[in-house]
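In: Would you be able to build a 3D model of this:
(chains A and B)
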Amino acid sequence: DGGITQSPKYLFRKEGQNVTLSCEQNLNHDAMYWYRQDPGQGLRLIYYSQIVNDFQKGDIAEGYSVSREKKESFPLTVTSAQKNPTAFYLCASSERGGSGEQFFGPGTRLTVL
Amino acid sequence: RKEVEQDPGPFNVPEGATVAFNCTYSNSASQSFFWYRQDCRKEPKLLMSVYSSGNEDGRFTAQLNRASQYISLLIRDSKLSDSATYLCVVNMGTGGFKTIFGAGTRLFVKA
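Out: Below you'll find the model as predicted:
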């Protein structure tokens, strides 16, 4: 079955540590995205990539970094520079230049202790 | 003004009721529109796309009013399983990086 996987499902981090969230898709989509969701708020775009070896900052990129070395993988690193990293992180993919319909992974819930 | 605005609710309705959600968007150049459903602590999933001519999928009907810049979702004969948050989503061009998600409207359907 085609889909998007994210790991881990839950992640706990101490302040000052960097952590990397995994996102893998086998939908053969060119475009991939990372969103952050906080209670009562809409999804906010962190980074996106429209093609391998290329990515762009979204609305809230500060304190995050990404890479796109393979079409199917788009890992997100939450660095110690991110002031308030506790949130629900969602990875999505879509056809490049499509109508905008996006397919989401199950998410990673990050808690900073 | 937010780019996409929804009434956060919650809407509390009995089983069998009809409930309607509205969503307004600020950018008149927006090109495509969607409703997503998100269950508690889960990822959003596409419920339906919204077309100018309106579209229906079983108990769900979505409509777009470009002149007034709003979209709506109507749920007829509500089921307990319809309890979720419904996200209004607007895409302002080709490519998902111009996709704006509303904060969602929470629906509770009671027995």
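In: Pull the number of nearby residues for B:R41.
Out: If you count neighbours by other Cβ atoms under 10 Å in any protein chain shown, B:R41 ends up with 10. (Glycine included, C-beta is placed from N, CA and C.)
In: how close does it sit to B:S26?
Out: 30 Å (Cβ to Cβ, to the nearest Å).
In: who are the neighbours of the helix or strand bottoming out on mean pLDDT in chain B, in terms of helices and strands?
Out: Of all helical and strand segments in chain B, the minimum by mean pLDDT, DSSP states H and E falls on strand B:99-101, at a mean of 89. When contacts are defined as 3 or more Cβ pairs under 8 Å, 6 or more residues apart in numbering or on different chains; DSSP states H and E, strand B:99-101 packs onto strand B:84-91.
In: Surely B:S81 is in a strand?
Out: No: counting by DSSP: H, G, I helix; E, B strand; the rest coil, B:S81 is not part of a strand but helix.
In: Now do it against chain A, distance only.
Out: Distance, B:S81 to chain A, by Cβ to the nearest Cβ, to the nearest Å: 19 Å.
In: before we move on, what about B:K79?
Out: B:K79 is 23 Å from chain A, where distance means Cβ to the nearest Cβ.
In: Does that residue touch B:L107 like I think?
Out: No: assessed by Cβ atoms under 8 Å, B:K79 is found out of contact with B:L107, at 10.8 Å.
In: Show me what stretch B:32-50 is in contact with.
Out: Applying Cβ atoms under 8 Å, 6 or more residues apart in numbering or on different chains, the external contacts of stretch B:32-50 come out as A:43, A:88, A:90, A:99-101, A:103-107, A:109, B:25, B:55, B:57, B:60, B:62-64, B:71, B:73, B:84-91, B:101, B:104.
In: higher neighbour count, B:K79 and B:L107?
Out: B:L107 (21 against 11).
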